[in-house]
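Enquirer: A structural model of the following input is requested.
(2 chains)
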Amino acid sequence: MIQISPHAEAALTCTLDERSLYLRRLVLGSVRSAGRGHVGPALSLIEMVRVLYDDVLRIDPKNPRDPNRDRAILSKGHGCLALYALLADRGFFPLSELEGFCGPDSILGGHPEYGMVPGVEASTGALGHGLSIGVGLALAARMRERDYRTFVLLGDGEINEGSVWEAAMGAAKHGLDNLIALIDYNKLQSYGPTDYVLPLEPLADKWRSFGFAVQEVNGHDVDALRRVLKQVPAVAGKPTAIICHTVKGKGLPAAESNADWHHKNKLTDSELDAIRVAVGDF
Amino acid sequence: MRNTAMNMVHKLATRDERVLYIGSDPGAGTLRAMSKEFPKRHLIEGISEAHIIGMSAGLAMEGFVPYVNTIATFLTRRCYEQVAVDLCLHNLPVRLIANGGGLVYAPLGPTHQAIEDIAIMRALPNMTVICPCDADEAARMMEQTLDWKGPVYIRLGKGGDAIVSKAEHGFEIGKAILMRPPGDVLMVTTGIMLQRALAAADLLAAQGIRSGILHMHTVKPLDTEALLQAIRGIRLVATLEEHVPSGGLGSAVAETLIDKLGSNLPAMLRLSLPDRFMHNYGSQDSLLKKHGLSANAIATSIEHALAASRTSSPQLHST
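Expert: Down below sits the predicted model:
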């Protein structure tokens, strides 16, 4: 019998503050404009991205290629609306770009592209690539004697991919304690529950057995995320895996833990009304 | 050729600190001297090709020039999405050194025979595809890879292939080498088919048929200018490759001729492996012979094709 993590239970009930609601309005505004977008995967990710970009990453939006910046890769590229909201809000590009999401002349596609979007370190969308690239970035930091850190955000469905576990072995082999994997563990992938599609449990034990120092946290609790993320590496000489227990579609009752909201096309008037009730006018 | 290419990685590493060797699980002692001299730049990362390509992309993003090395099939089939997305989409300077291009691993069967690697690699935007013909050319080629922009796929032969390349021809990525001036026929070769073309040309000469040879060591980007120059006045273009008929050198030459010449095309003969997996073992040489790629068989095929073209195709006077 698999025990439900207290962090997962806390994720279901925890409330969102005004900044988290604001970021959701940005995400859902993009979906409304484009008439499409991965809603659930972005809403589960927002606090993880928010804490990274607000409180943890050493970055300068005016100098996005600063060699000393911390690197962050959104390996679950389909969660890009959350990343775009943060990058725009932090000034990497104008907020007005969000309205053009997926448009013919937009820099913001349905998956993030390096060279198109300031602040995006790698083109992702095909799953299972980001952690290996992160291993390369982290190993380069070690070889160049630089102190930047590399953060890789992974989806729980994404870690079905064998390449993720190849990368995990590689990270552990090199003792890359400058590499931090954050897993958005919302327990729901495109088709349905991760337990049904390809069971991941015992997930923390898996990462531990692959040589990572593991932390678990309520992925919507910004204070808890800050505490965990400010104490990396969790163990010197080991890469860190932070399992962030989240709720797919968090903050939008109709979308929460609902696989039908993995990707949405045109939002109906009643859905737009429900969004306004949940996150405020947008 | 393989040892030469490997030793060149060490040599390049000696003079450029960006150079890394990344092997999956190569033979014991591969680049031992480099591993002693530059232990941090000699990386053995396990039988995890998908990961290795992604990791190499990350290292290249930070300014390194990784030379990734394993058997050709594993470097192309296993990790194709990583090669496409991590390397080609990002246009990163990672060099893929593919051991055992074509039928080098004939005795090991179809899992180890890289018969479609040129096709799938050249289909990728930003990828450069090079097939050197011998060890000397491999050495000259490796020099050129250091500062080449974007990813490179290097298809290596067996080793011990007869040295036929010449230092005076030099080597420039994307620039074909005219080994023999065109006559009635132009053979276009890549990799170790050059040796067979040279032998076939001698056989044809004994029959009074003058045949030129254009060595297309770089299949992508194809040297269009050299090809168009070399086909002037010929009756037949014959492409020779250790590869399936789809998507390799023959396809690249045919595409180029169609695009550039429209309807004014020379007769063309594409000599290749058949469109099927090999279910015979033996040796590279025996399999090539079995599929019509011995010098004798090449010469005979060309003779027949030339005879057929005399009745059906006009000689090309201009391009």
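Enquirer: got the residue ranges for the strands in the chain?
Expert: No chain was given, so I picked chain A. Secondary structure of chain A (DSSP state E): strands located at A:71-74, A:150-155, A:179-185, A:213-218, A:240-245.
Enquirer: if you could check chain B rather than the one you did, that'd help
Expert: Using DSSP E, strands in chain B cover B:19-23, B:42-44, B:65-71, B:95-99, B:128-130, B:152-155, B:177-180, B:185-189, B:211-215, B:218-220, B:236-240, B:267-271.
Enquirer: columns mean pLDDT on top of those, output as JSON lines?
Expert: Output for these, formatted as JSON lines (pLDDT from 0 to 100):
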{"stretch": "strand B:19-23", "mean pLDDT": "98"}
{"stretch": "strand B:42-44", "mean pLDDT": "98"}
{"stretch": "strand B:65-71", "mean pLDDT": "98"}
{"stretch": "strand B:95-99", "mean pLDDT": "98"}
{"stretch": "strand B:128-130", "mean pLDDT": "98"}
{"stretch": "strand B:152-155", "mean pLDDT": "98"}
{"stretch": "strand B:177-180", "mean pLDDT": "98"}
{"stretch": "strand B:185-189", "mean pLDDT": "98"}
{"stretch": "strand B:211-215", "mean pLDDT": "97"}
{"stretch": "strand B:218-220", "mean pLDDT": "98"}
{"stretch": "strand B:236-240", "mean pLDDT": "98"}
{"stretch": "strand B:267-271", "mean pLDDT": "97"}
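Enquirer: distance to B:Asp161 and mean neighbour count added to those strands, as TSV?
Expert: C-beta: built from backbone N, CA, C; applies to glycine. What follows is the strands of chain B, written out as TSV (distance: least, CB to CB, whole Å; neighbours: other CB atoms under 10 Å in any protein chain shown):
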stretch	distance to B:Asp161	mean neighbour count
strand B:19-23	22	24
strand B:42-44	26	20
strand B:65-71	18	26
strand B:95-99	14	27
strand B:128-130	15	26
strand B:152-155	13	27
strand B:177-180	15	19
strand B:185-189	13	28
strand B:211-215	13	26
strand B:218-220	18	24
strand B:236-240	14	27
strand B:267-271	18	21
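Enquirer: can you put these in JSON lines and add distance to chain A?
Expert: Compiled in JSON lines, the strands of chain B are given as follows (distance: least, CB to the nearest CB, whole Å):
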{"stretch": "strand B:19-23", "distance to chain A": "9"}
{"stretch": "strand B:42-44", "distance to chain A": "8"}
{"stretch": "strand B:65-71", "distance to chain A": "8"}
{"stretch": "strand B:95-99", "distance to chain A": "15"}
{"stretch": "strand B:128-130", "distance to chain A": "19"}
{"stretch": "strand B:152-155", "distance to chain A": "18"}
{"stretch": "strand B:177-180", "distance to chain A": "35"}
{"stretch": "strand B:185-189", "distance to chain A": "35"}
{"stretch": "strand B:211-215", "distance to chain A": "35"}
{"stretch": "strand B:218-220", "distance to chain A": "22"}
{"stretch": "strand B:236-240", "distance to chain A": "34"}
{"stretch": "strand B:267-271", "distance to chain A": "34"}
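Enquirer: tell me which of these lies nearest to A:Tyr196.
Expert: Comparing the strands of chain B against A:Tyr196 with CB to CB, the closest turns out to be strand B:65-71 (36.2 Å).
Enquirer: quick one, that closest one and strand B:95-99 angle?
Expert: Inter-element angle recorded for strand B:65-71 and strand B:95-99: 20 degrees (by axes from the mean of the first three to the mean of the last three CA atoms, to 10 degrees).
Enquirer: follow-up on the earlier one: now render the strands of chain B as CSV, adding distance to A:Asn63.
Expert: As requested, the strands of chain B are arranged in CSV below (distance: least, CB to CB, whole Å):
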stretch, distance to A:Asn63
strand B:19-23, 27
strand B:42-44, 31
strand B:65-71, 25
strand B:95-99, 30
strand B:128-130, 32
strand B:152-155, 31
strand B:177-180, 46
strand B:185-189, 49
strand B:211-215, 47
strand B:218-220, 36
strand B:236-240, 51
strand B:267-271, 53
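Enquirer: still on that earlier bit, tabulate the strands of chain A (JSON lines), appending mean pLDDT and mean neighbour count.
Expert: Supplementary listing: the strands of chain A in JSON lines, determined by pLDDT from 0 to 100; neighbours: other CB atoms under 10 Å in any protein chain shown:
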{"stretch": "strand A:71-74", "mean pLDDT": "98", "mean neighbour count": "27"}
{"stretch": "strand A:150-155", "mean pLDDT": "98", "mean neighbour count": "29"}
{"stretch": "strand A:179-185", "mean pLDDT": "98", "mean neighbour count": "29"}
{"stretch": "strand A:213-218", "mean pLDDT": "98", "mean neighbour count": "22"}
{"stretch": "strand A:240-245", "mean pLDDT": "98", "mean neighbour count": "27"}
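Enquirer: what would those look like in a markdown table with distance to B:Asp202?
Expert: Conversion of the strands of chain A to a markdown table gives the following (distance: least, CB to CB, whole Å):
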| stretch | distance to B:Asp202 |
| --- | --- |
| strand A:71-74 | 56 |
| strand A:150-155 | 58 |
| strand A:179-185 | 58 |
| strand A:213-218 | 67 |
| strand A:240-245 | 64 |
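Enquirer: redo those strands as TSV? Include distance to chain B.
Expert: Shown next, in TSV, are those (distance: least, CB to the nearest CB, whole Å):
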stretch	distance to chain B
strand A:71-74	9
strand A:150-155	8
strand A:179-185	10
strand A:213-218	20
strand A:240-245	16
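Enquirer: contacts only, for B:Thr73.
Expert: B:100, B:111-114, B:117 (CB atoms under 8 Å, 6 or more residues apart in numbering or on different chains).
Enquirer: right, and B:Asp184 touches B:Ala238 too?
Expert: No - taking CB atoms under 8 Å as the definition, B:Asp184 is not a contact partner of B:Ala238, at 10.7 Å.
Enquirer: how near is A:Arg32 to A:Gly77?
Expert: Between A:Arg32 and A:Gly77 the computed distance is 21 Å (CB to CB, to the nearest Å).
Enquirer: go on, A:Pro61?
Expert: A:Pro61 is 21 Å from A:Gly77, where distance means CB to CB.
Enquirer: settle it for me: which of these two has more neighbours?
Expert: Here A:Pro61 and A:Gly77 are compared on neighbour count by other CB atoms under 10 Å in any protein chain shown; more neighbours surround A:Gly77, at 27 against 15.
Enquirer: not counting its neighbours along the chain, what's nearest the more buried one?
Expert: What sits nearest to A:Gly77 in space, not counting adjacent residues and going by CB to CB, 6 or more residues apart in numbering or on different chains, is A:Thr124, at 3.3 Å.
Enquirer: confidence score at that neighbour?
Expert: Per-residue confidence for A:Thr124 comes out at a pLDDT of 98.
Enquirer: count of neighbours near A:Ile159?
Expert: By other CB under 10 Å, 27 other residues sit near A:Ile159.
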